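> generate a structure from the sequence data that follows.
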Amino acid sequence: MLGRIAAAWKKAKCPVLFSGAGMSTESGLPDFRSARGLWKQQPESLATPEAMFGQPDAFYFFYQWRIARLWEVAPNLGHLRLAQLEQAGFLQKVITQNVDGLHQRAGSERVVELHGTLRTVSCLSCRAGYDSRQMLPARSDWEADYQEGRYRRGDECRCPRCRGMLRPDVVLFGEGLPEEAWTEAVRWSRQADFFVVVGSSLAVSPANLCPLWAVERGARLLIINAEPTPLDDRADWVIRTPAAEALDRIADEVLISAENPAEASVGP
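Below you'll find the predicted structure:
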């Protein structure tokens, strides 16, 4: 099957990839939902504009914790192989639901971030932007303070320039997707003739419309995900192995067959 997938990918004029959280868990990036014991309330209720203004200590700790974890991990083999495919001309665009920036850190340049990024933060007053590590506490015991009920946000949550509130450059629950990113994602989804979904349950709307639009325009669909998705029955291929492993093996087939056409494998 991998040979046939690679042959179809190599022949495609506009291959596009759509990634979700399952793309990054293999880097060791924890899913905040799996750390539910740490939170004093549901994480989804913290990632909102209402929490930012109404429960600022809980909001800022939640994002400080996520930012700290983000900068502790590195791109995995799957991210690196996708960057190689892009550089070799076999991947036109990556559309991602992830906010970790691991695609870019691996070397991918053609990335659409549908839900923003945790790599940067911005001031709500003067709009100045900063590396997200600007918002991390300088002291080492801030996580223990939260668990013991002593945590209070500090000056790190204020803009160094104007003292306005900083916020992560992510889409919070209740906010719309960035218009430019969404427009670009729609355009590339409708242009794709080979569409790959990696590590997404395709449960979050409207992002989950991207592969559907690609299929409706005639694209061949490959889904690499540990669990079933609503589009499995529309896919040409479904792979349940871990994302990095699957992408590594497929990239080998694509790149080797590109360098040595006579050795290309198109068998089952």
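
> where does residue 75 sit relative to residue 102, distance-wise?
Here residue 75 is placed at a distance of 5 Å from residue 102 (Cβ to Cβ, to the nearest Å). Where C-beta positions appear, they are placed from N, C-alpha and C, glycine not excepted.

> intersection of neighbour lists for the two?
Common neighbours of residue 75 and residue 102, counting by Cβ atoms under 8 Å, 6 or more residues apart in numbering, are residue 27.

> how is this protein carved up into domains?
Annotated domains of the chain cover 1-29+75-115+177-262, 30-72+120-170 [automatic domain parsing].

> would you work out how far apart the start and end of the last one are?
Right, the one you point to is domain 30-72+120-170. 17 Å (Cα to Cα, to the nearest Å).

> state the mean pLDDT of it.
For domain 30-72+120-170, the mean per-residue pLDDT is 91.

> and the nearest residue to residue 146 once chain neighbours are set aside, helix, strand or coil?
Sequence neighbours aside, residue 61 is the residue nearest to residue 146 in space, at 5.0 Å (criterion: Cβ to Cβ, 6 or more residues apart in numbering). The three-state label given to residue 61 by DSSP: H, G, I helix; E, B strand; the rest coil is helix.

> and the helices in the stretch 101-250 of the chain, which stretches?
102-106, 142-147, 179-191, 209-216, 243-259 (DSSP state H, counting those that start in this stretch).

> and the residue nearest to residue 28 when sequence neighbours are not counted, its phi and psi?
Excluding the flanking residues, the one nearest residue 28 by Cβ to Cβ, 6+ apart is residue 73, at 4.9 Å. Dihedral angles of residue 73 (phi, psi; degrees, to the nearest 10) stand at phi -110, psi 170.

> quick check: residue 73 touching residue 29?
Yes: counting by Cβ atoms under 8 Å, residue 29 is a contact partner of residue 73 at 4.9 Å.

> these two: which has the busier surroundings?
More neighbours surround residue 29 than the other of residue 73 and residue 29, with 20 against 17 (other Cβ atoms under 10 Å).

> ok, now how distant is that one from residue 137?
Distance check for residue 29 against residue 137: by Cβ to Cβ, it reads 20 Å.

> do the same with residue 206
35 Å.

> re earlier: tell me which of the helices of the stretch 101-250 of the chain lies nearest to residue 112.
Within those, the stretch nearest residue 112 is helix 179-191; the backing value is 5.0 Å (Cβ to Cβ).
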